[in-house]
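Q: only geometry, no sequence info:
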């Protein structure tokens with residue numbers, strides 16, 4: 001009986017450990033409906049309309065509702081703008097626009113680590129007003145994941161969607177694209193996550209509780225046999 005119980009405990013421990021590890025890979029979503037089904041509760045952030053047609057950030061950074069956005073001079077010699085609807089004819093976007101070299105880039109820093117994130121994005125060629133179809137955008141998460149998606153090339157209309165869920169929390173997302181301009185809006189992200197025990201800790205706790213139960217069940221039997 002004891003051998004059967006230990007086998008069951010071992011199977012349960014392996015199953016529990018496998019369940020935790022199975023979700024370690026990021027899951028990418030390319031449409032808002034699928035991401036929303038996977039993340040029923042999230043915080044939304046929209047890029048606000050600038051006071052004029054567009055706003056240039058000479059520091060290369062801006063913060064909206066505790067979320068900071070910045071561009072890296074190491075990756076590009078471009079600028080960061082808030083392009084409003086009066087200029088583009090579409091809802092306001094945050095736009096990284098390179099000048100002569102490098103990759104358009106936007107580093108998003110959240111106020112706390114999350115396990116879910118999404119936004120709308122797109123790229124623009126900027127040469128003879130031709131849309132840069134098929135531009136690839138890279139999304140590098142601070143947990144080490146690097147993901148890539150192609151853009152619809154709708155420029156300010158933001159016809160592309162990126163969503164991700166990951167068991168490993170992340171706090172920053174770096175977007176880069178070789179297209180001269182990269183535009184984003186409509187961010188959504190999950191709540192801050194609390195630290196969780198490592199899989200080995202869960203296994204040890206499970207084995208400990210089962211061991212206590214087995215000892216308690218066998219102790220009365222031993223007392224009866226001794227009389």
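A: In hand now; what should we look at? Every value quoted in this text rests on a predicted model; they were computed, and no experiment measured them. Numbers count the residues shown, from 1 in each chain.
Q: where along this structure do the helices fall?
A: 2-22, 32-38, 85-88, 199-226 (DSSP state H).
Q: give me the residues contacting the shortest one.
A: Judged by Cβ atoms under 8 Å, 6 or more residues apart in numbering, the contacts made with helix 85-88 from elsewhere in the structure are 49, 52, 53, 54, 91, 92, 155, 156. Where C-beta positions appear, they are placed from N, C-alpha and C, glycine not excepted.
Q: just those residues: which has the poorest pLDDT?
A: Among those, residue 155 has the lowest pLDDT, at 84.
Q: just to revisit the earlier point, so of the contacts of helix 85-88, which two are at opposite extremes in space?
A: 52 and 155 (19.7 Å; Cβ to Cβ).
Q: and the two? Which one has more around it.
A: residue 155 (24 against 10; other Cβ atoms under 10 Å).
Q: leaving out the residues flanking it, which one is nearest to that one?
A: Excluding the flanking residues, the one nearest residue 155 by Cβ to Cβ, 6 or more residues apart in numbering is residue 124, at 3.9 Å.
Q: check residue 35 too.
A: residue 163 (3.3 Å).
Q: in stretch 135-150, what's buried?
A: 135, 137, 139, 140, 141, 142, 143, 145, 149 (16 or more other Cβ atoms under 10 Å).
Q: and what of stretch 183-191?
A: Those would be 183, 184, 185, 186, 187, 188, 189, 190, for stretch 183-191 by 16+ other Cβ under 10 Å.
Q: what's in contact with it?
A: 35, 39, 41-47, 67, 83, 91-96, 106, 108, 110, 114-124, 155-156, 158, 163, 165, 175.
Q: hmm, 6 Å instead?
A: 39, 42-47, 93-95, 110, 114-122, 158 (Cβ atoms under 6 Å, 6 or more residues apart in numbering).
Q: re earlier: partner residues bridging the residue nearest to residue 35?
A: Beta-bridge pairing for residue 163 (DSSP bridges): residue 29, residue 118.
Q: how many other residues sit next to it?
A: Residue 163, neighbours per other Cβ under 10 Å, totals 23.
Q: mind checking how far it is from residue 48?
A: Computed as Cβ to Cβ, to the nearest Å, the residue 163 to residue 48 distance reads 22 Å.
Q: same check, this time on residue 93
A: According to Cβ to Cβ, residue 93 and residue 48 sit 11 Å apart.
Q: list the buried residues in stretch 34-51.
A: Here stretch 34-51 shows 35, 39, 42, 43, 45, 47, 50 as buried, counting by 16+ other Cβ under 10 Å.
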